[in-house]
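Enquirer: No sequence on hand, only this structure:
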Ligand SMILES: NC(=O)c1ccc[n+]([C@@H]2O[C@H](COP(=O)([O-])OP(=O)(O)OC[C@H]3O[C@@H](n4cnc5c(N)ncnc54)[C@H](O)[C@@H]3O)[C@@H](O)[C@H]2O)c1
């Protein structure tokens, strides 16, 4: 091969062209909590990159709209109503993916809820449900896709944690515990699955402008902005852009990591 036409690793420069567009062409992804907010932005970004998608959520209208958006980008998509905290629902979601597309390459565990209150007032059911949806839901989905990814000897899992799981936050003991749990889960499963060619990472968003944060009182929002060096809330696409990288071949050697996307807050 002529020296000028190869890079240092002997890869022909010509090969780069195919990597510039549609990096995810032919890949199949599942996005949980894809009915709105960050999940919808992730689904549309993966579609832009060429992936076909199962969009899942407990909100049937939200997922129909997202799936429609994915199809308008020229990709295939099915909306599947599933509660990540219910094992039978998760099985149905993954079965549907295999029936429709024959495989699953990418799982984005994005579904999540909050039930905020101070410890002394926190009801046991608010503790239980947040742990069940956020942490056990992530476990359920990872468990369900892993056997398919192991057979392929390739797969990408990205779990959505939170800055709160690292920093803590008054009034969010349940949520912070669930998100800290997701970080431990991510790091452990990354070690288990690395020899099988499956990368498992987490993203810890700071405060992102979605319905989850829009319910904050105006004053609390103003105080929050002062703590963000970039002086703005994040956008769903700030998270989706990080996902774009973590599910692409460009991040082949990255696993067990928590990527912080927070405008400099931490
Ligand atoms: N918005 C933020 O500031 C922020 C910051 C850090 C982390 N996060 C995390 O990002 C993820 C997405 O958050 P968002 O801001 O888009 O929230 P959102 O409330 O706008 O969207 C969450 C989606 O999850 C779905 N969902 C809830 N319970 C579910 C269940 N049991 N099974 C399946 N789907 C379910 C909801 O219907 C909704 O469509 C969550 O995990 C959240 O904890 C958000």
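Expert: In hand now; what should we look at? Everything numeric here is computed off the predicted structure, so don't read it as measured data.
Enquirer: make it CA atoms for all contacts and neighbour counts henceforth
Expert: OK.
Enquirer: in the strand or helix carrying residue 182, what's buried?
Expert: Residue 182 belongs to helix 173-193 when elements are defined using DSSP states H and E. Buried residues in helix 173-193, counting neighbours by 16 or more other Cα atoms under 10 Å, are found at 173-183, 185-187, 189-190, 193.
Enquirer: Kindly report the same for stretch 114-124.
Expert: Judged by neighbour count (16+ other Cα under 10 Å), stretch 114-124 contains these buried residues: 114-117, 122.
Enquirer: what ranges do the helices span in the stretch 151-266 of the chain?
Expert: Using DSSP state H, counting those that start in this stretch, the helices of the stretch 151-266 of the chain run over 164-167, 173-193, 211-214, 218-226, 236-246.
Enquirer: Dump these into a markdown table; add mean pLDDT as well.
Expert: Formatted as a markdown table, those follow (pLDDT from 0 to 100):
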| stretch | mean pLDDT |
| --- | --- |
| helix 164-167 | 98 |
| helix 173-193 | 99 |
| helix 211-214 | 90 |
| helix 218-226 | 91 |
| helix 236-246 | 98 |
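Enquirer: Quick one, which of these gets closest to the ligand.
Expert: helix 211-214 (4.5 Å; Cα to the nearest ligand atom).
Enquirer: From the rest of the structure, what touches that closest one?
Expert: Helix 211-214 has contacts (Cα atoms under 8 Å, 6 or more residues apart in numbering) with 37, 114, 207.
Enquirer: and the ligand, which of those reach it?
Expert: 37, 207 (Cα under 6 Å from any ligand atom).
Enquirer: how about CSV for the contacts of helix 211-214, with pLDDT and distance to residue 238 added?
Expert: Shown next, in CSV, are the contacts of helix 211-214 (pLDDT from 0 to 100; distance: Cα to Cα, whole Å):
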residue, pLDDT, distance to residue 238
37, 97, 12
114, 97, 21
207, 97, 11
